[in-house]
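Trainee: Test case, fold it:
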Amino acid sequence: MQYKKRRLVTLCAALAFTLDVQAAKLAILFDDFGYRAQNENQVLKMPINVSVAIFPNAPDSRQMMEKAHQQGREILIHLPMEPISKQPLEKNTLTPSMSSQEVRRIVDQAIADIPYAVGINNHQGSKMTSSLSGMQNVMQAMAPHHLFFLDSMTIGGTQSMQAAQGTSVKVIKRNVFLDDVQNDAEIRHQFARAIAIARSSGFAIAIGHPHPSTVSVIQQELANLPGDIQLVRPSDLLNASVSHMPQPAFKPVIPPKPQPKGIRTCALKQPIPPVYATAMFTVLAESIEQTPVVNFIARQWRDWGTAPAQATPPAPPAEAPKKP
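Mentor: Residues are numbered from 1 along each chain as shown. Okay, the predicted model is just below:
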């Protein structure tokens with residue numbers, strides 16, 4: 001039995017390594033949890049690696065946090081920050097004009113309200129995240145709690161990376177908003193865009209909100225997630241690196257240069273068809289089948305349950321005949 005267990009562990013480890021080499025990583029985060037429990041409960045029916053960001057002070061925040069935590073789902077604090085545009089603000093919205101002591105008080109209170117959180121991301125915040133001094137106060141307040149910061153990228157000139165320098169806070173950034181336009185076709189388009197970024201860069205982070213249209217579309221898309229895409233949590237991307245073969249960008253066919261006179265060239269009668277990603281993955285799969293790792297897995301599977309053969313002891317030497 002012990003032999004079978006060892007072989008199973010070895011087989012699973014080798015298989016996991018092979019799959020990880022091929023998969024691009026996609027993290028999906030649903031923001032704004034705490035106000036729409038009915039829709040948020042539908043999000044909690046999605047795969048466990050779909051993560052949630054919860055307001056510290058919303059009416060249903062505690063209830064949704066407990067449900068997500070019981071599932072083992074990753075939780076972030078959706079921390080309100082001041083936007084550039086004039087609009088109603090959440091309670092305890094961080095602003096660039098706040099002192100470092102006030103920022104620390106709000107961050108500490110938010111962590112006390114959402115104690116299961118492993119990170120923070122900003123709600124709105126274009127004015128706050130573009131302030132270096134303001135974000136330095138945030139990072140210094142976060143550092144003792146060992147949380148990471150997921151920048152929602154509500155403005156291109158965000159200072160989160162620069163502000164985290166010299167602290168222990170790790171920063172990752174959103175690549176795609178799924179539902180800036182709450183239309184099924186546009187949400188599908190943004191989901192496809194997130195997959196394309198993951199394939200080309202190795203990983204991507206997509207953020208959506210618990211609107212009925214977003215929940216419905218993402219449920220459908222996740223049920224048909226391509227085999228080369230691995231759904232992960234945001235924290236899995238803190239040390240993300242491209243460990244798979246990235247999809248090469250498609251390059252248009254450039255017509256051949258005119259040849260010198262006297263040399264005939266054959267004109268193309270039909271355009272050359274483009275090579276899509278599926279063809280690349282087919283070739284990649286065929287190549288992987290011949291790798292030592294896969295060959296090792298095949299041998300382990302073929303010999304499953306068979307104990308290693310015992311070596312046969314050598315026969316004793318024949319006794320020499322005695323002389324009369």
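
Trainee: Can you name the residues bridging to D151?
Mentor: D151 forms beta bridges with K173, as assigned by DSSP bridges.

Trainee: okay, now it: neighbour count?
Mentor: When counting by other Cβ atoms under 10 Å, one arrives at 22 neighbours for D151. For every residue, glycine as well, the C-beta is placed using N, CA and C.

Trainee: for the stretch 101-250 of the chain, what spans make up the helices?
Mentor: Along the stretch 101-250 of the chain, the stretches classed as helices by DSSP state H, counting those that start in this stretch are 126-129, 132-142, 160-164, 184-201, 212-223.

Trainee: And the longest one, what does it pack against?
Mentor: If contacts are counted by 3 or more Cβ pairs under 8 Å, 6 or more residues apart in numbering; DSSP states H and E, helix 184-201 sits against strand 24-33, strand 176-177, strand 203-208, helix 212-223, strand 229-232.

Trainee: and it, C-alpha only, in PDB?
Mentor: Coordinates of the C-alpha atoms in helix 184-201 are reproduced here as PDB (Å, rounded to 0.1, in the frame of the first residue of the first chain):
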ATOM      1  CA  ASP A 184     -24.200  40.700 -22.700                       C
ATOM      2  CA  ALA A 185     -22.200  41.000 -25.900                       C
ATOM      3  CA  GLU A 186     -19.800  43.500 -24.500                       C
ATOM      4  CA  ILE A 187     -19.200  41.500 -21.400                       C
ATOM      5  CA  ARG A 188     -18.400  38.400 -23.500                       C
ATOM      6  CA  HIS A 189     -16.100  40.600 -25.600                       C
ATOM      7  CA  GLN A 190     -14.200  41.700 -22.500                       C
ATOM      8  CA  PHE A 191     -14.000  38.200 -21.100                       C
ATOM      9  CA  ALA A 192     -12.500  37.100 -24.500                       C
ATOM     10  CA  ARG A 193     -10.100  40.000 -24.200                       C
ATOM     11  CA  ALA A 194      -9.000  38.900 -20.800                       C
ATOM     12  CA  ILE A 195      -8.300  35.400 -22.100                       C
ATOM     13  CA  ALA A 196      -6.300  36.800 -25.000                       C
ATOM     14  CA  ILE A 197      -4.100  38.900 -22.600                       C
ATOM     15  CA  ALA A 198      -3.600  35.800 -20.400                       C
ATOM     16  CA  ARG A 199      -2.400  33.800 -23.400                       C
ATOM     17  CA  SER A 200       0.000  36.500 -24.600                       C
ATOM     18  CA  SER A 201       1.300  37.600 -21.200                       C
END
